[in-house]
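K.L.:
let's see this in three dimensions:
(chains A and B)
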There are 2 protein chains.
Amino acid sequence: MDRRLALPALALACLLPGLALAATPYRSPQQILDAAPDNDWRTPDPANLLYMDLPAGRVIIELAPRFAPRHVANIQTFAHEHFWDGTSIYRAQDNFVVQFGDADADDAAKARPLGSADRRLPAEFERASSGLPVSLLPDPDGWAARTGFSDGFAVGQDDKAGRTWLAHCYGAVGAGRNNEEDSSVGAELYVVTGQSPRQLDRNITLVGRVLKGMELLSALPRGPAPMGFYADPGQRTPITAIRRASDVAETERTPIQVLRTDSKTFAATVEARRNRVDDFYKRPAGHIDLCNIPVPVR
Amino acid sequence: MDRRLALPALALACLLPGLALAATPYRSPQQILDAAPDNDWRTPDPANLLYMDLPAGRVIIELAPRFAPRHVANIQTFAHEHFWDGTSIYRAQDNFVVQFGDADADDAAKARPLGSADRRLPAEFERASSGLPVSLLPDPDGWAARTGFSDGFAVGQDDKAGRTWLAHCYGAVGAGRNNEEDSSVGAELYVVTGQSPRQLDRNITLVGRVLKGMELLSALPRGPAPMGFYADPGQRTPITAIRRASDVAETERTPIQVLRTDSKTFAATVEARRNRVDDFYKRPAGHIDLCNIPVPVR
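P.N.:
This is a model prediction of the structure:
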């Protein structure tokens, strides 16, 4: 069942390039990647990369200043001022999230000082679509009128309202908050490790996504207390340091590139996932969900 | 945006009971569960329960004989004949699956004998919808014309073709196969531990789902070899035993009940997930995906 024809003409005009072209012969996403020209890959700005160094290795996060500029600025300040060094991953809830930061943040007597970061930020749940390049997906989505990718980030869109937001896919990084929508400052962050909780879209400020090292977070023992918290501090995973890559000596940086989501290569990998025509698949789906599409990293 | 009205009348007639009724005041899924009458819970048939005993604890799987009768019969035979005792979980691929069974199954010289189980089974990717009770969800789904729950299992449906199949949601258990669609016998099983890989629906035979103990599988260290295999046998997780609950002395069984998915209680939890009206959520989604709905167990 091809539902693309049911999309409005406007959407069709913005589809990922090449999606309408069935590849002949079929190439797998990996084969397509292997043949990608170098200029389909971009090197993220080191000012927008966070290195989260754990005893088991390094997690690399790309921040999304176009979506959450105030939160990203605060996070850059926290990293620059070493706020997170010696803090911990203090929550791992199965099929949902891990959360990290200052486990004593809610205890005024013990909480770490926030340094020169802003104490109050506006909610950054969504932004205007204007001026934002988005490569749209052709398939229907239950959570958003449209979905696609912008600069490597999975997004939802309301085309009538002209709004775009980051989506809660695997690896998305968000800013924990209390009940007030403007109660996040970016000090307590969570990472989606389970089935995409898209019901949180436009309810929490997302700030970026994990590019590398997800398995250092997703395979942590689940916290035994409610919501996956570790009641015993000894069960928490210590965070050695979180730094902006731009604050780290070049010799200690981890080389990394991300496939451009506005490239024909990316569009071809999406189409190869929508319709798998190989010896294993007997019935190509003719569909792919936003959160089933990994954005390749090398 | 309420899309329910766009559903065909036939589907509306079969919707989960109570879905159209907004609960006033809002109760969370947990509050709804806490108030459920005892007869909204069912006790699974112990003949269809598998206990997978690992050094770290017990995983409980409910088999789905209405969907994969031949595979389930084979699996029951394997368990009864202790086929899996001393085998291992030999694969853990991040954001995808763990897989277990005989790591040497592909090596004729080392493979364990299959005992009295059938050596060849038909693919059981889908079945006729007739005679199958399904409580339908009201929201659109990109992978199937309809989705819902049947006896506790997440399913997709093609109402025109009259076919129903188990869906690859978190915790689904499937029978690994080679390229031939009838190459699974139920000896090598996988469990979905990541974002629901619905592209596999109707491409592999699903045989049941994990009711309890997912965190013993989902938090395993990821295998370092391609596709998450453990190249070093020492990294595998040993399986002490897999038994049908009905083969285990009553004193060693684990009491367990599953919420009836055709109950008003379950329908109310689904509606409470579709539209969260509490102090935290600022924008109820008005939608829920099939694989975002856990079937409660106690």
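K.L.:
would you mind measuring from residue A:93 to chain B?
P.N.:
When distances are taken as C-beta to the nearest C-beta, to the nearest Å, residue A:93 and chain B turn out to be 10 Å apart. The way it works is simple: take the backbone N, C-alpha and C, and place the C-beta from them, glycine included.
K.L.:
show me the contacts for the closest residue to that residue other than its chain neighbours.
P.N.:
Spatial nearest neighbour of residue A:93, chain neighbours left out: residue A:228 (2.8 Å); criterion: C-beta to C-beta, 6 or more residues apart in numbering or on different chains. Counting by C-beta atoms under 8 Å, 6 or more residues apart in numbering or on different chains, residue A:228 makes contact with A:91-94, A:96-98, A:222.
K.L.:
gap between residue A:228 and residue B:58?
P.N.:
Going from residue A:228 to residue B:58 by C-beta to C-beta, to the nearest Å gives 20 Å.
K.L.:
run a quick neighbour tally on residue A:112.
P.N.:
Other residues within reach of residue A:112, judged by other C-beta atoms under 10 Å in any protein chain shown, total 17.
K.L.:
same check on the one 4 residues further on?
P.N.:
Other residues near residue A:116 come to 10 when the count uses other C-beta under 10 Å.
K.L.:
the residue nearest to it when sequence neighbours are not counted: which element?
P.N.:
Sequence neighbours aside, residue A:77 is the residue nearest to residue A:116 in space, at 5.9 Å (criterion: C-beta to C-beta, 6+ apart). For residue A:77, the enclosing helix or strand under DSSP states H and E is helix A:69-80.
K.L.:
could you pull out the buried residues of that helix?
P.N.:
In terms of neighbour count (16 or more other C-beta atoms under 10 Å in any protein chain shown), helix A:69-80 has its buried residues at A:70-79.
K.L.:
which one of the contacts of residue A:228 has the most neighbours?
P.N.:
The most neighbours of any of the contacts of residue A:228, using other C-beta under 10 Å, belong to residue A:92, which has 29 neighbours.
K.L.:
got the contact list for that residue?
P.N.:
When contacts are counted by C-beta under 8 Å, 6+ apart, residue A:92 is found next to A:98-99, A:193, A:217, A:220-223, A:228, A:230, B:219.
K.L.:
residue contacts, the closest residue to residue A:158 other than its chain neighbours?
P.N.:
Beyond its immediate neighbours in the sequence, the residue positioned closest to residue A:158 (C-beta to C-beta, 6+ apart) is residue A:145, lying 5.4 Å away. Residues in contact with residue A:145 (C-beta under 8 Å, 6+ apart) are A:156-160, B:1.
K.L.:
of the contacts of residue A:92, select the buried ones using a ChimeraX command.
P.N.:
A single ChimeraX command is used to select the members of the contacts of residue A:92 judged buried by 16+ other C-beta under 10 Å:
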select /A:98,99,193,217,220,222,223,228,230 /B:219
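K.L.:
in strands, which of the contacts of residue A:92 fall?
P.N.:
A:98-99 (DSSP state E).
K.L.:
let's see which of the contacts of residue A:92 end up in helices.
P.N.:
residue A:217 (DSSP state H).
K.L.:
tell me the pLDDT of residue A:73.
P.N.:
The score at residue A:73 is 98. That number is its pLDDT.
K.L.:
no no, residue A:231
P.N.:
At residue A:231, the predicted lDDT confidence score is 89.
K.L.:
what sits against residue A:54?
P.N.:
Applying C-beta under 8 Å, 6+ apart, the residues contacting residue A:54 are A:89, A:216, A:237-240.
K.L.:
out of those, who's nearest residue A:118?
P.N.:
Nearest to residue A:118 among those: residue A:239, at 21.7 Å, using C-beta to C-beta.
K.L.:
ok, the closest one touching residue A:85?
P.N.:
Yes: because the distance of 7.1 Å satisfies C-beta atoms under 8 Å, residue A:239 is recorded as touching residue A:85.
K.L.:
so which of those two has more stuff around it?
P.N.:
Summary of the neighbour comparison: residue A:239 and residue A:85, criterion other C-beta under 10 Å, with residue A:239 having more neighbours (20 against 15).
K.L.:
what residue, apart from its backbone neighbours, is nearest the more buried one spatially?
P.N.:
Of all residues beyond its chain neighbours, the one nearest residue A:239 is residue A:87 (5.0 Å), with distances taken as C-beta to C-beta, 6+ apart.
K.L.:
equivalent analysis for residue A:176, please.
P.N.:
Of all residues not flanking residue A:176 in the chain, residue A:188 sits nearest, at 4.0 Å (C-beta to C-beta, 6+ apart).
K.L.:
count the residues that sit near that neighbour.
P.N.:
Residue A:188 is surrounded by 21 other residues when neighbours are defined as other C-beta under 10 Å.
K.L.:
can you check residue A:86 too?
P.N.:
12.
K.L.:
can you check residue A:39 too?
P.N.:
Other residues close to residue A:39 by other C-beta under 10 Å number 9.
K.L.:
I'd guess it is in a strand, am I close?
P.N.:
No: with DSSP: H, G, I helix; E, B strand; the rest coil as the criterion, residue A:39 is assigned helix and is not in a strand.
K.L.:
flag every residue of the stretch 101-250 of chain A that's near chain B.
P.N.:
Within the stretch 101-250 of chain A, the positions lying close to chain B (C-beta under 8 Å from any C-beta of the partner chain) are A:125, A:139-143, A:145, A:169-170, A:179, A:181, A:194-199, A:201-203, A:214-215, A:218-222.
K.L.:
so which of those are in helices?
P.N.:
Of those, the ones assigned to helices by DSSP H are A:214-215, A:218.
K.L.:
shouldn't residue A:31 be within a strand?
P.N.:
No: when classified by three-state DSSP, residue A:31 is found to be helix rather than part of a strand.
K.L.:
thinking again about what came up before, need the contacts of residue A:145 in TSV (columns: pLDDT).
P.N.:
Compiled in TSV, the contacts of residue A:145 are given as follows (pLDDT from 0 to 100):
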residue	pLDDT
A:156	98
A:157	98
A:158	98
A:159	96
A:160	97
B:1	27
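K.L.:
please pick the buried ones from those.
P.N.:
A residue is treated as buried here by neighbour count (16+ other C-beta under 10 Å); on that basis the buried members of these are A:156-159.
K.L.:
what's the closest of the residues you listed to chain B?
P.N.:
For the buried ones among the contacts of residue A:145, the closest approach to chain B (C-beta to the nearest C-beta) belongs to residue A:158, at 9.1 Å.
K.L.:
dihedrals phi and psi, that closest one?
P.N.:
Dihedral angles phi and psi of residue A:158 (degrees, to the nearest 10) take the values phi -110, psi 100.
K.L.:
what's near enough to touch it?
P.N.:
The contact partners of residue A:158, by C-beta under 8 Å, 6+ apart, come to A:144-146, A:164.
K.L.:
that one and residue B:193: what is the separation?
P.N.:
Counting by C-beta to C-beta, the gap from residue A:158 to residue B:193 is 32 Å.
K.L.:
just residue A:201 next, same as before
P.N.:
Computed as C-beta to C-beta, the residue A:201 to residue B:193 distance reads 23 Å.
K.L.:
which SS state does the residue located most distally from the centre of chain A fall under?
P.N.:
Centroid-distance maximum for chain A: residue A:109 at 33.1 Å, with C-alpha atoms, centre = their mean. The local conformation at residue A:109, judged by three-state DSSP, is coil.
K.L.:
what of the one 4 residues further on?
P.N.:
Assigned with three-state DSSP, residue A:113 falls in the coil class.
K.L.:
beta-bridge partners for the residue lying closest to residue A:220 once chain neighbours are set aside, please?
P.N.:
Setting aside the residues directly before and after it, residue A:220 is nearest to residue A:92 in space (C-beta to C-beta, 6+ apart), at 4.5 Å. Legend: beta-bridge partners of residue A:92 under DSSP bridges are residue A:98.
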